[in-house]
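# Quick one: sequence and predicted model below, then my questions.
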Amino acid sequence: MSDNLNIINLVGRVGQKPETQYFESGAVLTKLSLAVNRRTSKKDSEPDWFAVEIWGNIAEVAANYTDKGSLIGIQGELKFDEWTDQVTGQQRVKPVIRANNLELLGSNPNSNSLANSPNSSDQTNSEQSDF
């Protein structure tokens, strides 16, 4: 067993409508932002925002069953996207969570469309659940 771990568990609300891409190879990618509240005594504290990417079958589940405001749980790993800014020429880095597991925890509070889905509270993952 490795001494190094890169595991992230987050529960939060989807910040905007997820974006899904279908590739010629058959791969599916869904990207979304996730707002996660900190445990704090301040009621007006701002959430932490995370960029999340989901691949494969669970990417399709995220595309079909989540929307802005949906409460979800994810388990994944932290990675860093690196690129050179075309305008300034500076190296840029963006932390991204690559989700391996997705749990649909509730319907979108802004819409009842997911509340009537038979799978709206089912857990979906690519391999196993550790939640």
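Here it is on my side, so go on. Residues are numbered from 1 along each chain as shown.

# C-alpha from now on. contacts and neighbour counts both.
Will do.

# which residue sits closest to the residue nearest to the spatial centre of the chain in space, ignoring its chain neighbours?
Averaging the C-alpha coordinates of the chain gives a centre point, and the residue nearest to it by C-alpha atoms, centre = their mean is residue 52 (4.0 Å). Across the structure, with C-alpha to C-alpha, 6 or more residues apart in numbering as the measure, the residue nearest residue 52 apart from its sequence neighbours is residue 97 (4.7 Å).

# and what of residue 71?
residue 13 (4.5 Å).

# Just list whatever residues bridge to the one you found.
Note on residue 13: beta-bridge partners by DSSP bridges are residue 35, residue 71.

# Report how many residues lie close to it.
Using other C-alpha atoms under 10 Å, residue 13 has 25 other residues around it.

# wait, isn't it in contact with residue 74?
No - the pair residue 13 / residue 74 is not scored as a contact, 10.8 Å apart, by C-alpha atoms under 8 Å.

# Am I right that the residue nearest to residue 52 is in contact with residue 51?
Yes - at 6.2 Å, residue 97 and residue 51 qualify as touching, with contact defined as C-alpha under 8 Å.
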